[in-house]
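In: no FASTA, just this:
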């Protein structure tokens with residue numbers, strides 16, 4: 001977010017995206033058949049991630065389709081409050097809190113899920129969304145921070161207005177009614193990450209900047 005301001009102060013500033021190992025974060029060769037469509041959140045369980053909105057929107061979607069499930073990965077000071085909300089809404093059978101997952105376990109849950117959800121009030125970059133996209137997941141995210149630069153609305157996922165329960169419910173249900181779009185959107189998301197956020201692409205951009213600096217001097 002600060003880059004446009006830096007560009008005003010220093011007009012030859014360059015921006016290079018953070019790289020990701022797209023050979024590690026990748027779609028599974030084959031997903032097992034299952035009865036539910038699995039939605040996934042990964043991140044800190046803190047207020048800025050706005051998980052109360054996510055859970056309420058998911059609950060509204062459940063009223064119309066019971067064949068969906070939400071996985072929440074992460075820890076934070078809001079976990080007890082979130083679990084209390086899930087219990088209050090009587091949807092404990094449709095949501096699982098996994099705590100923090102690392103390496104193979106994190107990769108596995110990305111690969112076993114179908115759609116990624118990120119409903120933050122603010123996101124500076126959102127590496128977890130890029131990891132999910134690299135694994136072939138479309139993303140439903142809020143119009144906050146860097147997320148509009150990551151999500152191509154209607155192509156790799158959907159952007160929703162902050163705290164709009166009806167809108168996120170409709171986007172969740174879109175994927176239940178159009179299951180073929182999960183693969184289509186996910187494939188485009190994977191291609192987007194490979195093109196823009198692989199370590200190889202980041203390295204090429206840095207190398208190009210180095211050569212330009214050397215040649216200038």
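Out: Great, that's in hand. All values derive from a computational prediction rather than experimental measurement. Numbering: from 1, shown residues only.
In: Spell out the residue ranges of the strands in the protein.
Out: 37-42, 68-73, 95-99, 115-118, 139-142, 157-160 (DSSP state E).
In: Output the ones you listed as CSV; include the columns mean neighbour count, mean pLDDT and distance to residue 30.
Out: In short, each C-beta sits where N, CA and C put it, glycine included. Shown next, in CSV, are the strands of the chain (neighbours: other CB atoms under 10 Å; pLDDT from 0 to 100; distance: least, CB to CB, whole Å):
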stretch, mean neighbour count, mean pLDDT, distance to residue 30
strand 37-42, 22, 98, 16
strand 68-73, 22, 98, 20
strand 95-99, 15, 98, 23
strand 115-118, 26, 98, 18
strand 139-142, 26, 98, 22
strand 157-160, 24, 98, 23
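In: Output the ones you listed as TSV; include the columns distance to residue 204.
Out: Output for the strands of the chain, formatted as TSV (distance: least, CB to CB, whole Å):
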stretch	distance to residue 204
strand 37-42	28
strand 68-73	32
strand 95-99	36
strand 115-118	27
strand 139-142	25
strand 157-160	26
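In: who touches the residue sitting nearest the centre point of the chain in this structure?
Out: By CA atoms, centre = their mean, the chain has its centre lying nearest to residue 129, at 2.8 Å. By CB atoms under 8 Å, 6 or more residues apart in numbering, the contact set of residue 129 is 116, 118, 123, 139, 141, 147, 150, 151.
In: and if we set it to 10 Å?
Out: By CB atoms under 10 Å, 6 or more residues apart in numbering, the residues touching residue 129 are 42-43, 116-118, 120, 123, 137, 139, 141, 146-147, 150-151, 157, 189, 193.
In: Next up, the contacts around residue 138.
Out: 114-116, 132, 151-152, 155-158, 171, 174-175, 181-189.
In: Recalculate using a threshold of 7 Å.
Out: 115, 156, 157, 182, 185, 186, 189 (CB atoms under 7 Å, 6 or more residues apart in numbering).
In: What pLDDT does the model give it?
Out: According to the prediction, residue 138 has pLDDT 98.
In: For it, give its distance to residue 175.
Out: Residue 138 sits 7 Å away from residue 175, going by CB to CB, to the nearest Å.
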